[in-house]
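Asker: Sequence isn't available, so here's the structure alone:
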């Protein structure tokens, strides 16, 4: 069964006459609006959860814990109650990073009216996935926005910031967390580690001007088109240039694996 036949078999309603292209566009626009509403509701929920938790609303209502409060008042599980807190904290960290990195005058309070300032189109699942790495997410967002502002090649308007935040969350979600490594005790290995560290610092320095030419909002594919002439002019391999740019963006040395290191 091909994909089309599979979709037909999974239909959630009675068959209807085929739509015109214009009608299909209208239905699609309605679906897109509904999805946007769901994403915005995540921001509203996160703002109100954070405000309720900060105000310790559970105490005057006689509840002994956040989980007990959520179970009694909303009928949700302990796990879901703490997932709500993870979402609220992750979104607040992202908002703080955006304000710090772009120096935009965005409100930092957690009232419902401020929820729109926290809407970056992120799903609850995405925020939960990075809730344990909010420091990393915030650091990368701040670095990327600062680099983008310095380049002067792209205005830090809301669509640009929103796209950059979403890309950063995707990057962090797909980058595995490696356990910390102990410093080597062997003097020869320690000397080699120093050489590698110096090489990485040099590549990071190369990545900074690469970011000036191909700003942070560009994907790797878009950056490749922009950087190809520059790499050819300086006698550098394009893959190395892209790796250096990724390293400058993320600060994660794993971006250099398979190229420089």
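Answerer: Cool, got the structure. Note that the structure is predicted; figures quoted are calculated from it, not measured.
Asker: close enough to count as contact, residue 227 and residue 239?
Answerer: No - between residue 227 and residue 239 there is no contact under CB atoms under 8 Å: 10.3 Å. Yep, even glycine has a C-beta here, placed from its N, CA and C like the rest.
Asker: Compare these two (neighbour count), which wins?
Answerer: Using other CB atoms under 10 Å as the criterion, residue 227 and residue 239 rank with residue 227 on top: 21 against 13.
Asker: who's in contact with that one?
Answerer: Contacts for residue 227 (CB atoms under 8 Å, 6 or more residues apart in numbering) come out as 210, 213, 214, 238, 241, 242, 245.
Asker: The longest helix anywhere in the chain: which residues count as buried?
Answerer: Ordering each helix of the chain by length in residues (DSSP state H) puts helix 21-54 first. For helix 21-54, a neighbour-count test (16 or more other CB atoms under 10 Å) marks 42, 43, 45, 46, 47, 48, 49, 50, 51, 52, 53 as buried.
Asker: try stretch 204-217
Answerer: By neighbour count on 16+ other CB under 10 Å, the buried set for stretch 204-217 is 204, 206, 207, 209, 210, 211, 212, 213, 214, 215, 216, 217.
Asker: ok, back up a step: following the longest helix of the chain, which helix or strand shows up next?
Answerer: Toward the C-terminus, helix 21-54 is succeeded by helix 66-74 as the next helix or strand (DSSP states H and E).
Asker: Report all helices and strands that that following helix contacts.
Answerer: On a contact count with 3 or more CB pairs under 8 Å, 6 or more residues apart in numbering; DSSP states H and E, helix 66-74 meets helix 78-102.
Asker: Which strands and helices lie in contact with the helix it packs on?
Answerer: Going by 3+ CB pairs under 8 Å, 6+ apart, helix 78-102 lies up against helix 21-54, helix 66-74, helix 124-129, helix 134-151, helix 158-174.
Asker: How is residue 243 classified with respect to secondary structure?
Answerer: What DSSP: H, G, I helix; E, B strand; the rest coil gives for residue 243 is helix.
Asker: switch to numbering from 275
Answerer: Yes, from this point I'll number from 275; that puts the last item at residue 517.
Asker: ok, it touching residue 533?
Answerer: Yes - counting by CB under 8 Å, residue 533 is a contact partner of residue 517 at 4.0 Å.
Asker: Distance check, the closest residue to residue 310 other than its chain neighbours against residue 297.
Answerer: Using CB to CB, 6 or more residues apart in numbering and skipping the chain neighbours, the partner closest in space to residue 310 is residue 395 (7.4 Å). Relative to residue 297, residue 395 is positioned 27 Å away (CB to CB, to the nearest Å).
Asker: I'm done for today, thanks for sticking with me.
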